[in-house]
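Engineer: With the sequence up front, the predicted model follows.
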Amino acid sequence: QVLRRNFEKDNIKNELLNMILSDVRRLEEIVSIFLDFAEHSSSEFKNTGINKIVEGAVRLIEEQAKSQIVTIYRDYAADDPELPLDEIQIRQALINILVNALQAMPDGGSLRIRTQNAGDKVSLEIADTGIGVPSEKLGSIFDPFFNTKSQGMGLGLSIARMIVEKHGGSIGVKSTGGNGSAFIIEFPLDRKEMQVEMQIEMKLG
């Protein structure tokens, strides 16, 4: 406030001060988000089917989808093998991706969620009919603060990738500008290998 009074008569300096204060508030919010994530990031891995977690995430965004006239199509694998997953964390990762998909379809569209048992891995695909991502920006889509929208800080997809990789999985995206996007998540079915890796990581962490 003292700085603001000193700069009241100097429009340029006052504008710069407003920008600085805005950036400070933004950084405070970012730090708060990451501290909150770190505080609640202790994992509880339990054997569970991916379909259950996916459906739980979908139900949480279903009303928002209806309000945006977005139709949700489900195609869940009949064979849903159990994996050692932290249900809360994986659900949060999926919510982040689903919300991102809805934000890409402000004028309506369709959202397709498909799970598949591919023998040596379980895959999950979330595909939307939204605005898509230009090819030159695909490599940065999971980077912190990457954002093609006017709102938000671009942390949702970054956190989603962090969670998926923490579980020994992988995440990728296929998209072209104007033709929607498809996020693909894969978890290996070699659960013993996954459990060993996660136990080592938890001890080191």
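Structural biologist: That came in fine, so what should we check first?
Engineer: Break this structure into its domains for me.
Structural biologist: 2-38, 46-204 (automatic domain parsing).
Engineer: Return the most buried member of these.
Structural biologist: domain 46-204 (a mean of 17; mean count of other CB atoms under 10 Å). In this view, the C-beta of every residue, glycine as well, is placed from N, C-alpha and C.
Engineer: pLDDT averaged over that one, what's the number?
Structural biologist: Mean pLDDT, domain 46-204: 85.
Engineer: just how off-centre is it within its chain?
Structural biologist: 7 Å (CA atoms, centre = their mean, to the nearest Å).
Engineer: cool, and stretch 43-63?
Structural biologist: 14 Å.
Engineer: Using CSV, write down the CA coordinates of that stretch.
Structural biologist: The C-alpha trace of stretch 43-63 is given here as CSV (Å, rounded to 0.1, in the frame of the first residue of the first chain):
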residue,chain,number,x,y,z
SER,A,43,0.2,-43.1,-1.4
GLU,A,44,-1.9,-46.0,-0.3
PHE,A,45,-1.6,-48.6,-3.0
LYS,A,46,-4.4,-51.2,-3.1
ASN,A,47,-5.3,-53.7,-5.8
THR,A,48,-8.2,-52.3,-7.7
GLY,A,49,-9.7,-52.3,-11.1
ILE,A,50,-9.3,-49.3,-13.3
ASN,A,51,-12.9,-49.3,-14.4
LYS,A,52,-14.1,-48.5,-10.9
ILE,A,53,-11.7,-45.5,-10.6
VAL,A,54,-12.6,-44.2,-14.0
GLU,A,55,-16.4,-44.4,-13.4
GLY,A,56,-15.9,-42.5,-10.1
ALA,A,57,-14.1,-39.7,-11.9
VAL,A,58,-16.6,-39.5,-14.7
ARG,A,59,-19.5,-39.2,-12.2
LEU,A,60,-17.9,-36.2,-10.6
ILE,A,61,-17.8,-34.3,-13.9
GLU,A,62,-21.1,-35.6,-15.3
GLU,A,63,-23.2,-32.7,-14.2
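Engineer: Make 14 the first number, not 1, from now on.
Structural biologist: Sounds good: first residue 14 from here, last item stretch 56-76.
Engineer: Touching that stretch from outside, list them.
Structural biologist: With contact meaning CB atoms under 8 Å, 6 or more residues apart in numbering, stretch 56-76 is reached by 85, 87, 89-90, 93-104, 107-108, 111-112, 115, 126, 128, 135, 137, 179-180, 200, 204, 208, 211, 215.
Engineer: Out of the residues you listed, list just those in strands.
Structural biologist: 85, 87, 95-98, 126, 128, 135, 137, 200 (DSSP state E).
Engineer: from these, which two are the most distant?
Structural biologist: Farthest-apart pair in the ones in strands among the contacts of stretch 56-76 is Ile85 and Pro97; separation 27.7 Å (CB to CB).
Engineer: Do a quick rundown of the helices in the chain.
Structural biologist: 15-19, 24-52, 63-80, 100-116, 169-179, 204-217 (DSSP state H).
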